[in-house]
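Enquirer: next comes the sequence, and after it the predicted model I'd like to discuss.
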Amino acid sequence: MSSFEEINGVPVLLCAPEGEPIASEADAVDLVGNAAWGGARWVVVPVERLGEDFFRLRTKLAGDIIQKFANYRVGLVVLGDISPHTETSSPLRDFVRECNRGTQTWFLPNLKDLETRLTA
């Protein structure tokens, strides 16, 4: 289940925590299509919807999914606590830090942080 909302005037597709996992490039394309259909500029995916492979950079799944969003110029927010993953992987920590410096993909702990980002 997903819903379209505006956060500080920015159209966003909010994915529900429950639902099918986002586990492939095809899943990412489906989300991008849904976002485009509803006019959303960002898609918010709860961490619960992402499998372990997303957080293992060697699988390249995170890069492939993020690239799909970038190709279609739709932002991606991974929402929730990813510390169990970043505590055990310094490459993932570095990747998250670099993403959060940019304007395409953010790893944020909660919606309040998203609201702040979309205000700035």
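Expert: Okay, I see it.
Enquirer: CA atoms for contacts and neighbours, from now on please.
Expert: Noted.
Enquirer: what ranges does the protein have for its strands?
Expert: Counting by DSSP state E, the chain has strands at residues 2-7, 10-15, 42-46, 75-79, 105-108.
Enquirer: dump those strands into a markdown table; add distance to Val29 and mean neighbour count as well.
Expert: Converted to a markdown table, the strands of the chain look like this (distance: least, CA to CA, whole Å; neighbours: other CA atoms under 10 Å):
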| stretch | distance to Val29 | mean neighbour count |
| --- | --- | --- |
| strand 2-7 | 15 | 15 |
| strand 10-15 | 14 | 20 |
| strand 42-46 | 11 | 24 |
| strand 75-79 | 12 | 23 |
| strand 105-108 | 15 | 22 |
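Enquirer: and the residue lying farthest from the centre of the chain, how far from Phe4?
Expert: Distance from the centre of the chain peaks at Thr88, with 20.3 Å (CA atoms, centre = their mean). As judged by CA to CA, to the nearest Å, Thr88 and Phe4 stand 34 Å apart.
Enquirer: below-threshold pLDDT in the chain: ranges please.
Expert: Within the chain, the segments meeting pLDDT under 70 span 120.
Enquirer: mind listing the helices for it?
Expert: 25-38, 52-55, 61-71, 83-86, 90-101, 111-119 (DSSP state H).
Enquirer: in the second one, which residues are buried?
Expert: Using 16 or more other CA atoms under 10 Å as the burial criterion, the residues of helix 52-55 that qualify are Phe54, Phe55.
Enquirer: contacts for that helix next, please.
Expert: Residues outside helix 52-55 that contact it (CA atoms under 8 Å, 6 or more residues apart in numbering) are Ala23, Thr59, Lys60, Leu61, Ala62, His85, Leu92.
Enquirer: out of the residues you listed, the closest to Arg49 would be?
Expert: Proximity of the contacts of helix 52-55 to Arg49 (CA to CA) peaks at Ala23, which lies at 8.4 Å.
Enquirer: re earlier: need the strands of the chain in a markdown table with distance to Phe69, can you?
Expert: A markdown table is the format used below for those (distance: least, CA to CA, whole Å):
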| stretch | distance to Phe69 |
| --- | --- |
| strand 2-7 | 17 |
| strand 10-15 | 13 |
| strand 42-46 | 9 |
| strand 75-79 | 6 |
| strand 105-108 | 9 |
